[in-house]
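> Sequence first, predicted coordinates after that:
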Amino acid sequence: EPEVTQTPSHQVTQMGQEVILRCVPISNHLYFYWYRQILGQKVEFLVSFYNNEISEKSEIFDDQFSVERPDGSNFTLKIRSTKLEDSAMYFCASRGQLNEKLFFGSGTQLSVL
Amino acid sequence: RKEVEQDPGPFNVPEGATVAFNCTYSNSASQSFFWYRQDCRKEPKLLMSVYSSGNEDGRFTAQLNRASQYISLLIRDSKLSDSATYLCVVNKGTNAGKSTFGDGTTLTVKP
């Protein structure tokens, strides 16, 4: 089965540093997403991306966050100045059609010290 | 009110038991519905889609009641390997199809 690939699997950073989380969605998919999950809590929506622009974002996705699809394959999440509370597992997901299932990557565990 | 609300759990059942999870959603315009399974510190994985007519996949049965905005998952003959967190997921079908997750219900199947 095709896979969504995320790198790195773990990222440790100092508070205030910038991080970029990388994702390669499934090649013929059109809709891309970032979710996060703080340890012990629910999976939370951050942002959806379609047709080279953000289509929806949550209140978590403030000015410190940005997404890019710089080429035909990568989809990145940047956090400009990390805070302790950004520590979480970040999942990238993609889907081919609007009401199809989401395919998730295996996640990047971000630890902000 | 939460967009997607699930039984709080946890559920602790013996092997072979039948267990049912319930989920309600608040947005009547929701288009599609899924049950995902999440193992500890792993990504969510699709268990099954939920159709209006109800659907079954082996030991798993999913039901949808659009009028009541209610989704259920029934697991028959529980196995130890069914131990996981079960996530109810609802798609808006608009705005690039944002999927909203319930908090999840944790199931532990014991020998």
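That came through, no problem.

> Can you give me the buried ones in stretch B:19-28?
Buried residues in stretch B:19-28, counting neighbours by 16 or more other CB atoms under 10 Å in any protein chain shown, are found at B:Val19, B:Phe21, B:Cys23, B:Thr24, B:Tyr25. The C-beta positions use only the backbone N, C-alpha and C, and glycine is treated the same way.

> Could you report the distance from the last one to B:Gln31?
Same thing as B:Tyr25. Going from B:Tyr25 to B:Gln31 by CB to CB, to the nearest Å gives 11 Å.

> okay, now the residue nearest to B:Thr18 when sequence neighbours are not counted: neighbour count?
Among residues not flanking B:Thr18 along the chain, B:Arg76 sits closest, at 5.0 Å (CB to CB, 6 or more residues apart in numbering or on different chains). Neighbourhood size, B:Arg76 [other CB atoms under 10 Å in any protein chain shown]: 14.

> Spell out which residues of chain A are next to chain B.
Contacts of chain A with chain B, taken as CB under 8 Å from any CB of the partner chain, map to A:31, A:33, A:35, A:42-45, A:48-50, A:55-56, A:89, A:91, A:93, A:95, A:98-102, A:104-107, A:109.

> For the residue nearest to A:Ile38 when sequence neighbours are not counted, give the beta-bridge partners.
Spatial nearest neighbour of A:Ile38, chain neighbours left out: A:Ala88 (4.5 Å); criterion: CB to CB, 6+ apart. Counting by DSSP bridges, A:Ala88 is bridged to A:Leu110.
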